[in-house]
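Peer 1: Sharing a sequence plus its predicted fold:
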Amino acid sequence: MQLAVLCAVCLLPGSLALPLPLEAGDVSQPQWKQAQNYLKKFYPFDSKTRGANSLEAKLKEMQKFFRLPITGILSSRIIKIMQKPRCGVPDVAAFSLFPDSPKWTSKVVTYRIVSYTRDLPQFRVNQLVEKAFELWGKEIPLQFRRMRYGIADIMIGFARGAHGDPYPFDGPGNTLAHAFSPGPGLGGDAHFDEDERWTDGSSIGINFLYAATHELGHSLGLGHSSDPNAVMYPTYENRDSEDFRLSQDDIEGIQKLYGERDD
């Protein structure tokens, strides 16, 4: 099962010795620590990237993803990206699918909203979740049916801090939400941090429609996209709710999994 998440930070073991390494560029020691945390979370280390130059390799990977010059050296521009609120799923290039391309095999996928935010009326949350599913459903031969009781394929809810999965939320900012790829148990579930201020676009805060559409893309099997116009781009950008739609990159990705609608 893959985690599709908006982001948390983990410290690398040991303390940093001065002076900072070459790849730290001209940033401060706290910023360098933040960068290490970010890279470990969103560009996971594997057997090929545990050597002395692993951080430099992951920094280059991030620069490639965000379409920046690939220098392997930290800069203020990269730090600014790292400080943006975002989804907590690791990053990959272009539209992407999770390993082994998990997807729902039924033509009808069920969902249930098990808890709500205090920031929006429940009926408004219901409307926005339905609209998010409609955006994806217009492009693929799946139908989405809301359940009011019982266990649905996709369980949706708001929570603070530790909330029953291995990925506790971190308070306002940073990680906004996370979701899991299709599968049993937690598979497909989408969780939103109640410590954020959620809005329907009529006030200042995190636009829930945008965040929900992003997370439900993960729930359907999509990873992150490096296209800044895509809904599946990892960092949060406020968008116009009235004209909000999937990008061509999002459409190509979801149709790669499920095919096109016949009608």
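Peer 2: Sure thing, it's come through.

Peer 1: show me what contacts Pro172?
Peer 2: By CB atoms under 8 Å, 6 or more residues apart in numbering, the residues touching Pro172 are Asp195, Glu196, Arg197. No exception for glycine: its C-beta is placed from N, CA and C like everyone else's.

Peer 1: just checking, which of those residues belong to helices?
Peer 2: For these, not one is inside helices, with DSSP state H as the criterion.

Peer 1: Buried only: go through these for me.
Peer 2: Asp195, Glu196 (16 or more other CB atoms under 10 Å).

Peer 1: Now flag whichever of the contacts of Pro172 is closest to Arg77.
Peer 2: Glu196 (25.1 Å; CB to CB).

Peer 1: rewinding a little: format the contacts of Pro172 as a markdown table; extra columns: pLDDT.
Peer 2: Formatted as a markdown table, the contacts of Pro172 follow (pLDDT from 0 to 100):
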| residue | pLDDT |
| --- | --- |
| Asp195 | 96 |
| Glu196 | 97 |
| Arg197 | 97 |
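
Peer 1: my guess is Phe65 meets Ile78, correct?
Peer 2: No - counting by CB atoms under 8 Å, Phe65 sits too far from Ile78 to count as a contact (11.0 Å).

Peer 1: rewinding a little: could you dump the contacts of Pro172 into JSON lines with distance to Tyr236 added?
Peer 2: Compiled in JSON lines, those are given as follows (distance: CB to CB, whole Å):
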{"residue": "Asp195", "distance to Tyr236": "15"}
{"residue": "Glu196", "distance to Tyr236": "10"}
{"residue": "Arg197", "distance to Tyr236": "13"}
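
Peer 1: chain center to the helix ranked longest in the chain: distance?
Peer 2: If you go by DSSP H, the chain has its longest helix at helix 122-137. Helix 122-137 sits 18 Å away from the centroid of its parent chain (CA atoms, centre = their mean, to the nearest Å).

Peer 1: What residues of the following helix or strand past it count as buried?
Peer 2: Once the chain leaves helix 122-137, the next helix or strand it forms, by DSSP states H and E, is strand 143-146. Going by neighbour count (16+ other CB under 10 Å), the buried part of strand 143-146 is Phe144.
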